[in-house]
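In: have a look at this fold, sequence not included:
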């Protein structure tokens, strides 16, 4: 990564402006989606993303370390997120060792059915415009 101050012609460039606008749009979309998810199913985007990733994974289970990498959050962040989902009865931990590499988040058949209901509710709410 280059060091030193950025050249003024780069700071004034259209590219910088477009990247800034893209980041603003992404942030705005995430806030809106989060508000819709909380209203529709009572879960924030981060929880929804974990549930979707587990649903799409063969066996519906994934190591916490892998979830953290996919979500681009720290080990502590993924642990707090999974702890909240476990407390809410949505994602039981399947821990066979103290090593984080061996701790899995998993969806049981019951949780998969609950996720189906949540996703239908979300789909109906988002597509109906309510």
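Out: Looks like it arrived, so ask away. What you see is a predicted model; the values in this text were computed from it and never measured. Numbers count the residues shown, from 1 in each chain.
In: in the chain, which spans are helices?
Out: 8-11, 14-41, 45-56, 64-71, 75-87, 109-128 (DSSP state H).
In: rank those helices by mean pLDDT and give me the bottom one.
Out: Mean pLDDT per stretch puts helix 8-11 lowest among the helices of the chain, at a mean of 66.
In: just give the nearest non-adjacent residue to residue 49, would you?
Out: residue 71 (6.4 Å; Cβ to Cβ, 6 or more residues apart in numbering). C-betas here are computed from N, CA, C, even on glycine.
In: list the contacts for the one you found?
Out: Applying Cβ atoms under 8 Å, 6 or more residues apart in numbering, one finds that residue 71 lies in contact with 46, 49, 50, 53, 77, 78, 81.
In: show me which pair in the residues you listed is furthest apart.
Out: Spanning the widest gap among those are 53 and 77, at 14.6 Å by Cβ to Cβ.
In: okay, residue 59 and residue 73: tell me how far apart.
Out: Shown here: residue 59 relative to residue 73, a distance of 22 Å by Cβ to Cβ, to the nearest Å.
In: re the thing from before, nearest to residue 103, out of the helices of the chain?
Out: Per Cβ to Cβ, nearest to residue 103 of the helices of the chain: helix 64-71, 5.0 Å.
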